[in-house]
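Q: coords please:
(2 chains)
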Amino acid sequence: MDKLDDDIKSSQKNYNPSSDFVETTLQQINNQHQTAHRRFKVWIPTLAGALVLLAIFIIIPLHDNNKSGGVFEGPSSSKSSSIQSYPTSQAAANGSSANGTNNASLTSDLNSVNNSISQESSDQSSANSALNDQSQEIAIPTD
Amino acid sequence: MADTQELAVIDDVRSGNTESYRFLVERYHRGLIQHLYNLMHDEQSAEDVAQEAFIRAYNKLSQYNETYSFSTWLYKIADNIAYRHFKNTKFISDIDDVEEFIPDSKPTAEELVDKKLDQEAVREAVDNLPSAYKQVVTLYYWDGFSYEEIAKIIDRPVGTIRTWLHRAKEHLRKELYGQIR
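A: The predicted model follows:
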């Protein structure tokens, strides 16, 4: 340590910081903390709401659609499509559908075909009934 | 490395107790503001930068490496902020500027006789150093940091710090005593 070292050391000009420096600094940190907390409190419910809406309008319908079989495009009343479908047991026997998804799909198809057949039977009954009614109306007694 | 009490406080703040941070602010604010004042010569700027440094340190406390002392880390943050504040005025010059530094003019014999080697003259001479030298001198003589700590604060090897300090003293000798010892 030579004279220069001493000269440099002793030459520092002292400055006393403001008395409220610590308080204002901590206050700023607290404010920042609270602002971040408020933002958190606003964003979390918003995000949760958005997720719920997303689930209701997009994910659940998609999931249901997949569950009912992606290949199936709704009930069909045409005979040709009904003919192409065949019972689940038969499909299993043929080994064409080994997994549960395909079984579910085929069961759904089968139900649809059965519904179509019932509908057609019902339509046929209605038509027959109408014809009978017409026959009765035509057969008017002459006297 | 931070002391045990300091580490306990830091852990406490990290776990969400903001009030514990008071301990660190109270412990280091005087030294930090003094350090910044030595560099910037402006009371308000020194306090503003110190405050920003404390806030930034608080926000980044999760990144604090406990192998450093907290003060070293804090001063590093503060010097970086000060550097950005005064980038346009070349508050901290790059190495090339330092290497090329030549004192303004050698004082004449008469000037040397008249010159009072009082504190004001030394301060002025330190102020006239290139900012990198000035930063090292301030950290070493006024803030009491070791070479190793200064190296961590300004991100330079310890050897560079020794060299800069040696050269800074040569410049100061020339400036103050008119000779190289």
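Q: Let me know the pLDDT of residue 92.
A: No chain was given, so I picked chain A. Here, the pLDDT recorded for A:Ala92 equals 48.
Q: right idea, wrong chain: chain B
A: On pLDDT, B:Ile92 comes in at 49.
Q: Same check on B:Leu7?
A: 90.
Q: burial measure for it, as a count.
A: 14 (other CB atoms under 10 Å in any protein chain shown). Using the backbone N, CA and C atoms, a C-beta is placed for each residue, glycine as well.
Q: And the residue in chain B that chain A sits nearest to, its phi and psi?
A: Per CB to the nearest CB, B:Val122 is where chain B lies closest to chain A, at 3.6 Å. In terms of degrees, to the nearest 10, the main-chain angles of B:Val122 are phi -70, psi -40.
Q: How about the contacts made by it?
A: If a contact means CB atoms under 8 Å, 6 or more residues apart in numbering or on different chains, then B:Val122 has A:7-8, A:10-11, B:172, B:176 as its contacts.
Q: ok, A:Asn14 - how many residues close by?
A: 9.
Q: Next up, phi/psi of it, please.
A: Torsion angles at A:Asn14 (phi, psi; degrees, to the nearest 10) stand at phi -80, psi 140.
Q: Cross-check the contact I'm expecting between it and B:Gln34.
A: Yes - the criterion here is CB atoms under 8 Å, and A:Asn14 meets it with B:Gln34 at 6.9 Å.
Q: Output the below-cut-off pLDDT ranges for chain B.
A: B:1-2, B:87-117, B:179-181 (pLDDT under 70).
Q: Quickly find the element holding the residue lying closest to B:Val25 once chain neighbours are set aside.
A: Using CB to CB, 6 or more residues apart in numbering or on different chains and skipping residues adjacent in sequence, the residue nearest B:Val25 is A:Val22, 5.1 Å away. Per DSSP states H and E, A:Val22 falls inside helix A:21-54.
Q: which strands and helices sit next to that helix?
A: Judged by 3 or more CB pairs under 8 Å, 6 or more residues apart in numbering or on different chains; DSSP states H and E, the packing partners of helix A:21-54 are helix B:21-40, helix B:43-59.
Q: right, and the helix or strand after it?
A: Heading C-terminal from helix A:21-54 (DSSP H and E), you reach helix A:60-67.
Q: Now do that next one against helix A:21-54: the angle between them, please.
A: Per axes from the mean of the first three to the mean of the last three CA atoms, to 10 degrees, the angle that helix A:60-67 makes with helix A:21-54 is 40 degrees.
Q: Touching helix A:60-67 from outside, list them.
A: Under the criterion CB under 8 Å, 6+ apart, residues A:Ala104 lie in contact with helix A:60-67.
Q: Buried ones only from the contacts of B:Val122, please, as a ChimeraX command.
A: Selection of the buried residues among the contacts of B:Val122 in ChimeraX, burial being defined by 16 or more other CB atoms under 10 Å in any protein chain shown:
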select /A:7,8,11 /B:172,176
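Q: quick one on the thing from earlier: Serialize the helices and strands packed on helix A:21-54 to JSON lines and add fields for mean neighbour count.
A: JSON lines is the format used below for these (neighbours: other CB atoms under 10 Å in any protein chain shown):
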{"stretch": "helix B:21-40", "mean neighbour count": "21"}
{"stretch": "helix B:43-59", "mean neighbour count": "20"}
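Q: Of all the ones you listed, which one is nearest A:Gln28?
A: helix B:43-59 (6.0 Å; CB to CB).
Q: Other residues contacting the closest one?
A: Outside helix B:43-59, the residues touching it (CB under 8 Å, 6+ apart) are A:15, A:17-18, A:21, A:24-25, A:28-29, A:32, B:13, B:21, B:24-25, B:29, B:32-34, B:36-37, B:39-40, B:64, B:73-74, B:77-78, B:81-82, B:85.
Q: thinking again about what came up before, can you state the direction angle for the helix holding A:Val22 and helix B:43-59?
A: Interaxial angle, helix A:21-54 versus helix B:43-59 (the same axes, to 10 degrees): 40 degrees.
Q: Pull the number of nearby residues for B:Ser20.
A: Under the neighbour criterion other CB under 10 Å, B:Ser20 is assigned a count of 16.
Q: Minimum distance to chain B, which residue of chain A gives it?
A: A:Ser11 (3.6 Å).
Q: quick one: that residue from B:Asn38, how far?
A: The gap separating A:Ser11 from B:Asn38 is 10 Å, by CB to CB, to the nearest Å.
Q: Can you list the residue ranges for helices in chain B?
A: B:4-14, B:21-40, B:43-59, B:70-85, B:95-99, B:109-114, B:119-127, B:131-137, B:147-154, B:158-177 (DSSP state H).
Q: so what does the last one touch, helix or strand wise?
A: Put plainly, it is helix B:158-177. helix A:3-10, helix B:119-127, helix B:131-137, helix B:147-154.
Q: Up against chain A, what does chain B have?
A: Counting by CB under 8 Å from any CB of the partner chain, chain B comes close to chain A at B:18-19, B:21-22, B:25-26, B:29-30, B:33-34, B:37-38, B:43, B:46-47, B:50-51, B:54-55, B:58-59, B:117, B:119-120, B:122-123, B:126, B:137, B:141-142, B:169, B:172-173, B:176-177, B:181.
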